[in-house]
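Colleague: From the sequence below, what's the structure:
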Amino acid sequence: MRTEKRTTDGREIIAREPAYAPHPHPRHNGKLVQVAGVTKILLDDGSEQHECDQCGKVFKTATSAVAHLPSHGDHKPQYPLDVLRQVIREVLLAKRAGGKDFCARAAEKLNAAQVPTAQGKPWSGVGVSYLYNRYKNEVRVRVSGGREVKPVSAPPNQRTASTSDVNTDIADQVARIKLALDQVCGQLGDLGEAIARVGQAIAALPAIDSQAIEDARRFRELQKLMGGGS
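Modeller: Coordinates of the predicted model:
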């Protein structure tokens with residue numbers, strides 16, 4: 001347990017106490033057990049964090065801090081390359097499916113496939129998380145669809161080319177949309193002119209004299225009475 005009064009990023013530490021995390025084995029149903037190498041700390045802002053006893057790095061959860069501990073050892077990988085690829089592949093597939101706890105879901109897949117662990121115990125979300133974060137930038141993995149997932153630090157020219165292709169596609173789509181809008185506006189303009197001409201023709205019609213219509217009606221009735229109309 002460390003004795004510093006502040007975290008590595010300068011926040012004041014009010015108190016320290018042992019840290020507890022869920023037991024990694026499914027048989028224990030998430031029972032909290034004390035973990036070595038990690039300390040629970042209370043900060044001056046009232047938040048509770050978990051501190052690595054070796055480097056002082058702070059994590060939100062004890063599980064994250066425990067997964068960080070092996071980074072302090074310069075050990076050779078405990079697993080062959082094909083197992084590391086399978087672990088990373090299952091995590092990527094779980095991420096693609098969406099939702100949370102993708103490392104735990106990846107562990108379930110590995111257990112179902114009877115992939116052995118180095119300790120001979122079932123896979124846990126903590127163990128999968130450690131391997132994934134430790135080797136995800138070093139191991140190339142293919143997921144369903146044949147797409148190869150490369151390390152995060154891809155060459156800059158690859159990222160630039162990808163961005164350029166996307167920008168070109170967007171520009172083509174914008175040009176097609178603009179052309180379609182121009183055609184619609186032209187059609188609306190022709191329709192507006194036609195409506196205006198109809199309005200002018202209606203306005204040019206002579207006014208109808210209601211009295212003249214009444215006189216004509218009476219004249220036709222008079223013709224019928226005199227026998228001159230049909």
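Colleague: next SSE after the helix or strand hosting residue 105?
Modeller: Residue 105 is located in helix 102-112, with elements delineated by DSSP states H and E. Moving toward the C-terminus from helix 102-112, the next helix or strand (DSSP H and E) is helix 125-135.
Colleague: Run through the neighbouring helices and strands of that following helix.
Modeller: helix 62-68, helix 81-97, helix 102-112 (3 or more Cβ pairs under 8 Å, 6 or more residues apart in numbering; DSSP states H and E). From N, CA and C alone the C-beta is placed, and that goes for glycine too.
Colleague: what inclination does the longest one have with respect to helix 125-135?
Modeller: Between helix 81-97 and helix 125-135, the angle formed by their directions is 110 degrees, by axes from the mean of the first three to the mean of the last three Cα atoms, to 10 degrees.
Colleague: In helix 81-97, which residues are buried?
Modeller: Neighbour-count burial for helix 81-97 flags 83, 84, 85, 86, 87, 88, 89, 90, 91, 92, 93, 94 (criterion: 16 or more other Cβ atoms under 10 Å).
Colleague: quick one: average confidence on it?
Modeller: The pLDDT scores in helix 81-97 average 88.
Colleague: List of residues touching that helix?
Modeller: Here helix 81-97 makes contact (Cβ atoms under 8 Å, 6 or more residues apart in numbering) with 77, 79, 102-103, 105-106, 109-110, 113, 115, 128, 131-132, 135-136, 139-144, 149.
Colleague: Alright, I will stop here.
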